[in-house]
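Peer 1: predicted coordinates and the sequence they were generated for:
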Amino acid sequence: MKEGRIECDGTYMDCVEKSGGSISLAIQSEDKRKVGNDDIDNNVVESGNCDKKSSMVTLTTADADVASRGEVDTQKEDKESGTLKWMTLSNYARAMGGLWVGVGLLLLLGLGQAAALITVISMGKWADMPREEQARPLTVCIMAGLGLTTLVLALVRVLACFRFTIRASRVLHDRMTEAVLRARIEFFDTNPSGRILNRFSADIGICDDQLPLTLYDFLSCLFMVLSAVCTAVAVLPVALAVLPLLAFYFLRIRNIYIASSREIKRYDGLSRSPIFANLGESLNGIATIRANGSIPFFKEKFSASQDANTRAFFAFIGISRWLGFRLDSIVLVLLSFASVLAVFFNEQGWFDIDPSVLGLALTMLIQLAGMFQWMVRQSAEVENQLVSVERVLEYTQLTPEASLTTDLDVSVGPVWKNGNIKINNLTIRYRESLPPSLRKVSLAIIGGERVGVVGRTGSGKSTLVQALLRILEAEEGSIEIDRVDISKLGLHKVRTMISVIPQSPVLLSGCTIRVNLDPFGRHKKDEIQEALASVQMLDAVENIPDGLESNVDEGGSNFSTGQKQLICLARAVLRKSKILVLDEPTANVDTKTDTLLQRAIAESFFGCTVISVAHRLDTIIEYDKVLVLGDGKVLEYGRPSDLLAVVGGHFTKMVDDTGKQMSNILRCKANLSKTNK
């Protein structure tokens, strides 16, 4: 295929000839695979005639170092149980601005309700005054002042409550974001993306949208209920006789409801995570799902997750109805008791009851028929929604990586001087529950050397790369670069002084090509163009309408895999690091791109220390040294030709396993490289 059209349709050799050199013959092991027909054997380079132009050799016995982490160890999502901790409430108050802010909001709500109650009582008495006294300017001003004060306090308490609750949500979101971005790699290994997204979407959404309104609604209703009960008791003190029994019954049913609804809300939050995870898995693997006819399976899986979440929500609705019926019965008993006593005492003349105050008390008790139930349900809903605050706070306390900067950073220059690397008894594990991925590894790399790292799956190759970048911290031992222990440097210093080209290229979506190459804006346009020219990507970028200012689509979809890899290489070239780490960047690209990459690396990083994790032996057979890892230990380390001279050695077996023809080519390349050096 070329530029979206069929260039050749025939045998493999026909395509090689038609390509004009863009496709080269990849020699495979004869006992594993035969290409085309027997005539192809005449084109195979014999062992005695190999040179640097020999065809590409593919190592089929090694793969990415994924298994070094052991089996997938995704932990179950933690769930608190029991009542909410006071620490959750205090942390939420601190996020508002401090504990005094929370106390101030309560006082403001109390003052607002007191002002409303005084205003209503004053208006009742004002209505009983003679007409002349009602029209007095002083009386009118007092009533107008009371009304205006009530209105101002109502507006102030609404604005203050929503402002501080939204501020708390923003503070919690920012703290959680910072904690997640600074979390150790272990956190991302054990928590699927859907679980993390659930905290940032559903839980933060509750803190943003639902909790402020519910909290204000509850506090307002609480003070209204308290004012109604206090007014009724003040007018009819004998109402106190029934209040203890009603309070006891109320507390009992509320405790039952709170305990049930809180746990159901927690399960509701937990059951949302699989929904997000299933959506992410389905969207990322939609092509594979369709190709394998697995759409019904994923539909059933998603339906099961959705049903689990719906069951929790339906259970919450059910217990809410259970609570509502019992709360209405409490209000009915209190209202009936107060009304009967009010009429009875008024007829007997036992108490001098102010009619305006009595009417207000009965009116407020009648309003309790709906308000009391709503207040209790809102109080439970506040506690349920504070579960989201609890879940957010859990993510704000993640164990972070090491410090980003240290005092020693100043003493180290912008780049390493020589690039000498010394590893002393390095032991690393991904987490405590897993065995070590590297076990007392010791070796030295002289500045400017090119070292290839090979080994079977799970040997520790990728772990070594992550240790150099301090993505994984050493359990024992140390890594020194130019006699500086990198564990004493800040993470920013360590990672900015080492360039990495991964196997899967990463481009920042939504950003321009220039930002992807120079995210901190430290280089001029000429320098960026020079870096692109060194990897043969300048023409491809300039042919885009906006050139360097063109946006990169999601996942870099407006570039091929090879082009994305070349852009990543240009980014490394632009940084001019003394140490370059390659995690088999040519594993997913074509032969032509592979040639461009190898040539650009040789020219742009001449004299630099290059560490290449190889899955194809031909990419490192001409390097200065080869490091063979196995089971997290150093099995062999030395020149490729010297390692091949060891009969029965680990590297020798790896080369021999590629097949006779491939083995001969690799040996010739290693010997030729030694002679040239």
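Peer 2: Right, received. Where do you want to start? This one's a predicted model, so the numbers in the text were calculated from it and none came from an experiment. Numbering: from 1, shown residues only.

Peer 1: and the gap between residue 257 and residue 251?
Peer 2: Distance of residue 257 to residue 251, given as C-beta to C-beta, to the nearest Å: 11 Å. All C-beta atoms are positioned from the backbone trio N, CA, C, and that covers glycine.

Peer 1: counting neighbours, go ahead and name the busier of the two.
Peer 2: residue 257 (21 against 10; other C-beta atoms under 10 Å).

Peer 1: which strand or helix spans the more buried one?
Peer 2: In this assignment (DSSP states H and E), residue 257 forms part of helix 243-284.

Peer 1: list the helices and strands that helix packs on?
Peer 2: Judged by 3 or more C-beta pairs under 8 Å, 6 or more residues apart in numbering; DSSP states H and E, helix 243-284 is in contact with helix 193-198, helix 295-348, helix 355-396.

Peer 1: nearest to residue 140, out of those?
Peer 2: helix 355-396 (18.4 Å; C-beta to C-beta).

Peer 1: any idea which helix or strand comes after the closest one?
Peer 2: Per DSSP H and E, the first helix or strand lying C-terminal to helix 355-396 is strand 421-428.

Peer 1: angle of the following helix or strand past that following strand against strand 421-428?
Peer 2: Going down the chain from strand 421-428, the next helix or strand is strand 438-445, by DSSP H and E. In terms of direction (axes from the mean of the first three to the mean of the last three C-alpha atoms, to 10 degrees), strand 438-445 departs from strand 421-428 by 180 degrees.

Peer 1: relative to strand 438-445, how tilted is the helix or strand just after strand 438-445?
Peer 2: Using DSSP H and E, the next helix or strand after strand 438-445 towards the C-terminus is strand 450-455. Orientation check (the same axes, to 10 degrees): strand 450-455 against strand 438-445 gives 160 degrees.

Peer 1: got the CA positions of strand 450-455 in CSV?
Peer 2: Output of strand 450-455 as CSV, limited to C-alpha atoms (Å, rounded to 0.1, in the frame of the first residue of the first chain):
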residue,chain,number,x,y,z
ARG,A,450,25.9,2.3,23.5
VAL,A,451,24.5,-0.6,25.6
GLY,A,452,21.8,-2.9,24.4
VAL,A,453,19.6,-4.5,27.1
VAL,A,454,18.1,-7.9,26.1
GLY,A,455,16.3,-10.7,28.0
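
Peer 1: can you spell out which helices and strands pack onto that strand?
Peer 2: helix 461-468, strand 609-613, strand 625-630.

Peer 1: can you add mean neighbour count and give the ones you listed back as CSV?
Peer 2: Shown next, in CSV, are those (neighbours: other C-beta atoms under 10 Å):
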stretch, mean neighbour count
helix 461-468, 24
strand 609-613, 25
strand 625-630, 23
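
Peer 1: which one of the ones you listed lies closest to residue 181?
Peer 2: Nearest of these to residue 181, taken as C-beta to C-beta: helix 461-468 at 17.5 Å.

Peer 1: tell me which stretches of the stretch 551-677 of the chain form helices.
Peer 2: With helices called from DSSP state H, counting those that start in this stretch, the stretch 551-677 of the chain shows them at 561-575, 591-604, 640-644, 650-656, 660-676.

Peer 1: out of the ones you listed, deepest packed?
Peer 2: Mean neighbours per residue, mean count of other C-beta atoms under 10 Å, is largest over those for helix 561-575, with a mean of 23.

Peer 1: give the rounded mean pLDDT of that one.
Peer 2: Mean per-residue pLDDT for helix 561-575: 85.

Peer 1: helices or strands up against that helix?
Peer 2: By 3+ C-beta pairs under 8 Å, 6+ apart, helix 561-575 packs against strand 498-501, helix 513-517, helix 525-534, helix 591-604.

Peer 1: any chance of the ones you listed in a markdown table, plus mean pLDDT?
Peer 2: Formatted as a markdown table, the helices and strands packed on helix 561-575 follow (pLDDT from 0 to 100):
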| stretch | mean pLDDT |
| --- | --- |
| strand 498-501 | 87 |
| helix 513-517 | 89 |
| helix 525-534 | 88 |
| helix 591-604 | 75 |
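
Peer 1: right, and these - which one's nearest residue 293?
Peer 2: Nearest of these (C-beta to C-beta): helix 591-604, 33.5 Å.

Peer 1: helices and strands around the closest one, which ones?
Peer 2: So helix 591-604, by 3+ C-beta pairs under 8 Å, 6+ apart, packs with helix 525-534, helix 561-575.

Peer 1: distance between that helix and the chain's centre?
Peer 2: 35 Å (C-alpha atoms, centre = their mean, to the nearest Å).

Peer 1: put the alpha carbons of that helix into PDB.
Peer 2: C-alpha atoms of helix 591-604 as PDB (Å, rounded to 0.1, in the frame of the first residue of the first chain):
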ATOM      1  CA  THR A 591      11.800  -0.700   7.600                       C
ATOM      2  CA  LYS A 592      12.300   2.700   6.100                       C
ATOM      3  CA  THR A 593      11.300   4.500   9.300                       C
ATOM      4  CA  ASP A 594      13.500   2.100  11.200                       C
ATOM      5  CA  THR A 595      16.500   3.100   9.000                       C
ATOM      6  CA  LEU A 596      15.700   6.800   9.500                       C
ATOM      7  CA  LEU A 597      15.500   6.400  13.300                       C
ATOM      8  CA  GLN A 598      18.800   4.500  13.500                       C
ATOM      9  CA  ARG A 599      20.600   7.000  11.300                       C
ATOM     10  CA  ALA A 600      19.200  10.000  13.200                       C
ATOM     11  CA  ILE A 601      20.200   8.400  16.600                       C
ATOM     12  CA  ALA A 602      23.700   7.700  15.300                       C
ATOM     13  CA  GLU A 603      24.100  11.300  14.000                       C
ATOM     14  CA  SER A 604      22.300  13.300  16.700                       C
END
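
Peer 1: between the helices of the stretch 551-677 of the chain, which one is nearest to residue 476?
Peer 2: Nearest of the helices of the stretch 551-677 of the chain (C-beta to C-beta): helix 650-656, 24.1 Å.

Peer 1: roughly how far apart are residue 194 and residue 305?
Peer 2: 10 Å.

Peer 1: joint contacts of the two?
Peer 2: Residues touching both residue 194 and residue 305 by C-beta atoms under 8 Å, 6 or more residues apart in numbering: 274, 275, 278.

Peer 1: by neighbours, which of those wins?
Peer 2: Most neighbours among those, by other C-beta under 10 Å: residue 274, with 22 neighbours.

Peer 1: just to revisit the earlier point, and the helix holding residue 257, average pLDDT?
Peer 2: 82.

Peer 1: how about the CA coordinates for the next helix or strand after that helix, as CSV?
Peer 2: For helix 243-284, the following helix or strand on the C-terminal side (DSSP H and E) is helix 286-291. Listed next in CSV are the C-alpha coordinates belonging to helix 286-291 (Å, rounded to 0.1, in the frame of the first residue of the first chain):
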residue,chain,number,x,y,z
ILE,A,286,-14.2,-1.2,19.8
ALA,A,287,-12.4,-2.5,16.7
THR,A,288,-11.3,-5.7,18.4
ILE,A,289,-14.8,-6.2,19.9
ARG,A,290,-16.5,-5.9,16.5
ALA,A,291,-13.8,-8.1,14.8
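
Peer 1: distance from helix 286-291 to the middle of the chain?
Peer 2: 25 Å.

Peer 1: what's next to that helix, contact-wise?
Peer 2: Helix 286-291 is contacted from outside by 282, 294, 295, 298, using C-beta under 8 Å, 6+ apart.

Peer 1: and what of stretch 508-528?
Peer 2: With contact meaning C-beta under 8 Å, 6+ apart, stretch 508-528 is reached by 507, 531-532, 541, 544, 546-556, 567, 570-571, 574.
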